[in-house]
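Peer 1: I would like the atomic coordinates for the input below:
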Amino acid sequence: MPTAIPTLREGAVTLRPIRLRDAKALERELMANRSWLRTWEATSPYAPMSFDTRASIRSLLTHSRTGSGLPFLVEYNGELAGQLNVSSITWGSLSSASIGYWVGEEFAGRSITPIAVALATDYCFGQLGLHRMEICIRPENAPSLRVVEKLGFRYEGLRRRFIHINGAWRDHFAFALVAEEVRGGVLRRWQDGLVPEGQARVNEFDRAAAAQPLPVADK
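Peer 2: Below is the predicted model:
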């Protein structure tokens, strides 16, 4: 079902619906952060990387109209800071979604990302009625791993060669929360210092596995 894209705020951080007229400003921010973001960018194994920001926004809005996505811009004190997308929204017996995000290098270290993730997760649980939210992170992405640690997303396992990132299939660690774990809200639990320790801890077996290439079967 189609899902309206809300505007969500906490302090200086705002999540607002992305619009086609944001294309030029978004493209400027992406170009200014190429070296910062390239390592973590999703790519296609079937075609060269396209930098058509308007086409990307149109695709995100199409997913929103079909009820499978919520595309947000992240603002800090009214300034464009990044993006957050709730994707793969599935209704019915699964009632789940995934979250992906980025912020510009100049905005790193200001707790913008955990606030944005918490706002989106609380909306999906409290207003949409979803049951499970997932975040998948490359093992090398220390800043994103700190986000799930701060918010208490549970570590669920290693996904080998899960997403095509920066030109190759990459392993990811999977983290999730279900609504019953955070009845008072993800943001409130974090702000009140009630996040259980060790929720996002990756076990040593999976860390070691992720550090080794996946064996390729002989033909």
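
Peer 1: which stretches of this structure aren't confidently modelled?
Peer 2: Residue ranges of the chain with pLDDT under 70: 1-3, 47-51, 217-219.

Peer 1: If we use 80, what do you get?
Peer 2: Low-confidence segments of the chain (pLDDT under 80): 1-3, 40, 43-44, 46-51, 214-219.

Peer 1: Now do the strands in it.
Peer 2: Here the chain has its strands, by DSSP state E, at 8-10, 13-17, 70-76, 79-90, 96-103, 132-137, 154-165, 168-178.

Peer 1: contact partners of the second one?
Peer 2: Translated: strand 13-17. Contacts of strand 13-17 from elsewhere in the structure, counted by Cβ atoms under 8 Å, 6 or more residues apart in numbering, are 5-9, 71-76, 78, 84, 112, 115-116, 119-120. Yep, even glycine has a C-beta here, placed from its N, CA and C like the rest.

Peer 1: Quick check: buried residues in that strand?
Peer 2: 13, 14, 15, 17 (16 or more other Cβ atoms under 10 Å).

Peer 1: Any idea what the second one is bridged to?
Peer 2: The residues listed as beta-bridge partners of residue 14 by DSSP bridges are residue 9, residue 75.

Peer 1: What separation do you get for it and residue 118?
Peer 2: Noted for residue 14: a distance of 13 Å to residue 118, by Cβ to Cβ, to the nearest Å.

Peer 1: same question, residue 201
Peer 2: Residue 201 sits 19 Å away from residue 118, going by Cβ to Cβ.

Peer 1: Looks like residue 99 contacts residue 119 (just checking).
Peer 2: No: using Cβ atoms under 8 Å, residue 99 is not in contact with residue 119, being 10.7 Å away.

Peer 1: Tell me where this structure has helices.
Peer 2: Secondary structure of the chain (DSSP state H): helices at 23-32, 34-37, 53-65, 112-123, 142-151, 186-191, 204-210.

Peer 1: how about JSON lines for those, with mean neighbour count added?
Peer 2: Output for the helices of the chain, formatted as JSON lines (neighbours: other Cβ atoms under 10 Å):
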{"stretch": "helix 23-32", "mean neighbour count": "15"}
{"stretch": "helix 34-37", "mean neighbour count": "13"}
{"stretch": "helix 53-65", "mean neighbour count": "16"}
{"stretch": "helix 112-123", "mean neighbour count": "24"}
{"stretch": "helix 142-151", "mean neighbour count": "18"}
{"stretch": "helix 186-191", "mean neighbour count": "18"}
{"stretch": "helix 204-210", "mean neighbour count": "13"}
